[in-house]
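Novice: sequence first, then the predicted structure, then my questions.
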Amino acid sequence: MPEEPISDEEWTAENQDFEEFLSENPNASCDPRRPSRPTRKPFIEDIFLAPDGTLWVEVIRTAGNRLEVFDPEGRLLGSVAAPPRKEGSVPVFGAGYLVTVRQDSLDLDHVDVWRIERTGR
């Protein structure tokens, strides 16, 4: 998978709190004074182990995160777009389904059940 660089806008947004802290606390001492900028984005957002032994890895991509699923021996079984989920919530994996909780613009929670269809077996 190709590396994805961190854009200037992303770097600025991610460091905004730190920069505000420094401007509000000019005598603060940090070593180094500023964080070093990595050459690429991190690759993994989250890792989940399902009861059936499969490993679900949420991979960070500019075009949208993906869930990649691996069998217990480490073989890639498939990849799907990561469904939206509420911050701090953890998906539930079952036999043939995935359950997520997402929050709408009114802060109401919704439970989504995603059916997993395996092909080629």
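Specialist: Received, thanks.
Novice: what's the span of stretch 40-49, first residue to last?
Specialist: Distance between the two ends of stretch 40-49: 26 Å, counting by CA to CA, to the nearest Å.
Novice: please disregard the earlier target; I meant stretch 96-108.
Specialist: Start-to-end, stretch 96-108 (CA to CA) is 26 Å.
Novice: distance of the residue most central in space within the chain from residue 8?
Specialist: Taking CA atoms, centre = their mean, the centroid of the chain lies closest to residue 45, which sits 3.2 Å from it. Remark: distance between residue 45 and residue 8 (CB to CB, to the nearest Å) = 22 Å. C-beta here means a position set from N, CA and C on the backbone, and glycine is covered the same way.
Novice: follow-up on the earlier one: secondary structure element for the residue nearest to the centre of the chain?
Specialist: Per DSSP states H and E, residue 45 falls inside strand 44-49.
Novice: could you dump the longest helix seen in the chain to PDB, C-alpha only?
Specialist: Longest helix in the chain by number of residues (criterion: DSSP state H): helix 16-24. Extracted in PDB, the C-alpha atoms of helix 16-24 (Å, rounded to 0.1, in the frame of the first residue of the first chain):
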ATOM      1  CA  GLN A  16      -3.400  23.600  16.900                       C
ATOM      2  CA  ASP A  17      -3.900  22.800  20.600                       C
ATOM      3  CA  PHE A  18      -0.200  22.600  21.200                       C
ATOM      4  CA  GLU A  19       0.400  25.900  19.400                       C
ATOM      5  CA  GLU A  20      -2.300  27.600  21.500                       C
ATOM      6  CA  PHE A  21      -0.700  26.200  24.700                       C
ATOM      7  CA  LEU A  22       2.600  27.700  23.700                       C
ATOM      8  CA  SER A  23       1.100  31.100  22.900                       C
ATOM      9  CA  GLU A  24      -0.700  31.100  26.200                       C
END
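Novice: and the pLDDT for the residue nearest to the centre of the chain?
Specialist: Confidence at residue 45, expressed as pLDDT, is 88.
Novice: over to residue 20?
Specialist: pLDDT, residue 20: 90.
Novice: check residue 2 too.
Specialist: 65.
Novice: measure the residue of the chain most remote from its centre to residue 6 for me?
Specialist: Largest separation from the mean C-alpha position in the chain: residue 27, at 35.1 Å (CA atoms, centre = their mean). Using CB to CB, one gets 29 Å for the distance from residue 27 to residue 6.
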